[in-house]
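# need a structure here:
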Amino acid sequence: MTARVQTFKAEFEAMIMKESDSLDEFYLKLNGVVTNIRALGESVDESYVVKKLLRVVPTKFLQIASTIEQFGNLETLTVEKTIGSLKAHEERLKGQTDSDGNQLLLTREEWSKREQEDSKLLLTREEWMRQSNKAEGSQGQRYRGNNENRGKDEGRCVRDKSKIICFNCSVYEHFDVECKKPKRDK
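Sure thing, here's the model as predicted:
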């Protein structure tokens, strides 16, 4: 029996709350070990469990844990009240995300990844035209024109009209100003 008590005490001391653990899951594990120790006749002070709980919380709870340690009376504080305070803090942290679920704050790693993805914030006119023409071409939208399809024919700009859709009749290869069908009301 003494060996089992020592095993449970060692398990209790080795417990650490991971970032991925929820408060409820960790509390159930912690409470289970404490209940087993108490069932074997050993006493475990409530304040000892509270202190252990505040020592092993992950970084997202460090601020509230240190506040509880500084301003709370750890000798009279119950585990339930401590868990309640930590849960209230967790709910407040959840409220700090925007409606899409995106985080408002980023880690350095997340920020550098976003910077790499969006390495260029400013584009030259040619780059912008190239990107916008790719997007329009992939969606089958009307041709807006780019320099690749233009040529000079007797001092006048000529375009490849094979990709042009008439705004009037929706037929390819001519502009609405050249359309021979009656003009429709816009």
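
# By mean pLDDT, which helix or strand of the chain comes out lowest?
The helix or strand of the chain with the lowest confidence, counting by mean pLDDT, DSSP states H and E, is strand 150-153 at a mean of 47.

# Need the residues that contact stretch 32-52.
1, 4-5, 8-9, 11-13, 15, 30, 74-79, 82 (C-beta atoms under 8 Å, 6 or more residues apart in numbering). The way it works is simple: take the backbone N, C-alpha and C, and place the C-beta from them, glycine included.

# any idea how far the nearest residue to residue 183 once chain neighbours are set aside is from residue 160?
The shortest distance from residue 183 to any residue other than its chain neighbours is 6.1 Å, reached at residue 168 (C-beta to C-beta, 6 or more residues apart in numbering). Per C-beta to C-beta, to the nearest Å, residue 168 is found 20 Å from residue 160.

# neighbour-wise, which of those two wins?
More crowded of residue 168 and residue 160, by other C-beta atoms under 10 Å: residue 168, with 18 against 13.

# Next one: that one from residue 127, what distance?
Look at residue 168 and residue 127: by C-beta to C-beta, they are 32 Å apart.

# which residues of this protein fall in strands?
150-153, 156-159 (DSSP state E).

# where does this structure dip in pLDDT?
The model of the chain has pLDDT under 70 over residues 96-104, 115-123, 134-159, 186.

# Kindly recompute the last result at 90.
Applying pLDDT under 90 to the chain picks out residues 1-2, 17-26, 59-61, 63, 69, 71-74, 87-186.

# Where do the domain boundaries of it fall?
2-102, 136-186 (automatic domain parsing).

# would a markdown table of those with distance to residue 109 be doable?
Below are the domains of the chain laid out as a markdown table (distance: least, C-beta to C-beta, whole Å):
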| stretch | distance to residue 109 |
| --- | --- |
| domain 2-102 | 14 |
| domain 136-186 | 32 |
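
# Since that was my last question, I'll sign off now.
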